[in-house]
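> Just a sequence and a predicted model for now, questions to come.
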Amino acid sequence: MKEFDIIKQFFKPRTSSIDAASVIKGIGDDCAILSVPANHHLVVSMDTLVSGRHFPADAQPDQIATRAFCTCLSDLAAMGATPSWFTLGLTLPTADVAWIESFSQALLNIAEENQCELIGGDTTQGPMTITLQVHGVVETDKALRRDRAVVGDNVFVTGCLGDGAAALALISNDVGVNTIHLHQKKYLHERFYCPEPQIKTALKITNFTHAAIDISDGLLADLQHIATASQVDIAVDVDRLPVSLACKTLVGGDKALVYALCGGDDYQIAFTVPDNYLAKIDDLIKKGAIIATQIGKVLPPDLPEHQYHVYCCKKNKRIELTSLLQGYKGYQHFAT
């Protein structure tokens with residue numbers, strides 16, 4: 001099957017529920033031409049997923065499409081942006097029509113759910129690789145950024161932590177995992193293949209938040225990005241970390257804590273809130289408008305200039321978890 005036949009048959013955008021006026025020219029020309037709303041900034045992110053590295057080689061095409069798109073949308077959520085458009089680079093070993101149809105339908109379903117229109121891309125033959133570039137918009141100067149945390153801010157995280165790493169252990173049939181109930185297996189599979197980008201939550205907290213980041217590389221690693229960019233220290237209370245029963249049951253309490261701190265692949269949002277907006281966030285939580293847990297505090301750096309750290313604590317006392325975390329590095333793009 002020829003490249004342009006694939007595009008025409010399987011990747012025609014569904015414009016029925018998407019703002020077509022924003023796309024002056026989409027698929028079918030050398031470039032897309034887009035109209036960005038007045039008083040808004042364009043927010044752009046790109047992710048590449050490789051078979052055998054980011055998803056199992058035997059994963060189903062609809063699972064791959066959903067995981068690829070949702071993990072990429074998570075970056076927009078972390079910036080407080082509304083999804084608008086995306087491009088797709090699709091590299092496949094063969095032009096398997098049934099595979100492409102399943103993949104494209106799942107991809108366009110997620111696009112339609114998030115009001116995000118496919119505006120271009122490329123297809124070619126080679127080892128299976130999926131590259132997505134997402135484009136969103138955010139009101140001028142309203143984007144959530146890593147470099148805006150302020151000493152005294154309270155650190156929150158959405159959802160549960162550790163599910164991504166636990167799901168990978170389950171899918172990979174790791175030795176040492178415990179037997180869990182069928183509904184817990186289903187829950188973890190969904191967390192891996194269908195992570196929910198926290199777009200709605202991000203839009204609700206934007207006006208009350210200083211800094212934010214999505215949890216893709218692991219809580220400690222991602223909070224370190226905020227600490228470094230904002231030139232602060234961050235203390236994490238390990239007793240407050242939200243960990244699902246499925247994760248605890250599968251790997252036990254100690255490893256569940258390791259997964260929560262370092263596992264990655266959760267695609268939740270960590271964000272910082274000043275004291276004067278705590279009541280606003282608490283109200284959103286109590287009303288069920290968002291699911292979030294307060295897990296820590298932004299502190300002044302206690303080491304010389306240009307050294308900023310994230311550390312764990314219990315009952316306001318710093319604790320050392322080196323022995324527990326030893327040998328576990330979380331997700332590594334170039335791990336051997």
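Nice, I can see it.

> contacting residues for L325?
Taking CB atoms under 8 Å, 6 or more residues apart in numbering as the contact definition, L325 lies against V258, L261, C262. C-beta: built from backbone N, CA, C; applies to glycine.

> how far away is the second one from I215?
Going from L261 to I215 by CB to CB, to the nearest Å gives 11 Å.

> any common contacting residues for those two?
When contacts are counted by CB under 8 Å, 6+ apart, L261 and I215 have L161 as shared neighbours.

> and for the helix or strand L118 falls within, what are the contacting residues?
Per DSSP states H and E: L118 is located in strand 117-125. Residues lying outside strand 117-125 but in contact with it, judged by CB under 8 Å, 6+ apart, are 3, 6-7, 11, 13, 15, 18, 20, 22-23, 26-27, 31-32, 34, 84-95, 107-108, 111.

> Only alpha carbons, please: show the helix or strand following that strand as PDB.
Next along the chain after strand 117-125, taking DSSP H and E as the criterion, comes strand 129-139. Once side chains and other backbone atoms are set aside, the C-alpha atoms of strand 129-139 remain, and they are given as PDB (Å, rounded to 0.1, in the frame of the first residue of the first chain):
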ATOM      1  CA  THR A 129       8.700   4.100  15.800                       C
ATOM      2  CA  ILE A 130       5.900   6.500  16.600                       C
ATOM      3  CA  THR A 131       6.600  10.300  16.800                       C
ATOM      4  CA  LEU A 132       3.900  12.700  17.800                       C
ATOM      5  CA  GLN A 133       4.200  16.500  18.000                       C
ATOM      6  CA  VAL A 134       1.300  18.100  19.900                       C
ATOM      7  CA  HIS A 135       0.400  21.800  19.700                       C
ATOM      8  CA  GLY A 136      -1.700  23.600  22.300                       C
ATOM      9  CA  VAL A 137      -2.600  27.100  23.200                       C
ATOM     10  CA  VAL A 138      -2.500  28.900  26.500                       C
ATOM     11  CA  GLU A 139      -3.500  32.500  27.500                       C
END
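
> Go through strand 129-139 and flag the buried ones.
Neighbour counts using 16 or more other CB atoms under 10 Å place T129, I130, T131, L132, Q133, V134, H135, G136, V137, V138 of strand 129-139 among the buried residues.

> export the residues you listed to a markdown table and tack on pLDDT?
What follows is the buried residues of strand 129-139, written out as a markdown table (pLDDT from 0 to 100):
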| residue | pLDDT |
| --- | --- |
| T129 | 96 |
| I130 | 96 |
| T131 | 97 |
| L132 | 97 |
| Q133 | 97 |
| V134 | 97 |
| H135 | 97 |
| G136 | 97 |
| V137 | 97 |
| V138 | 97 |
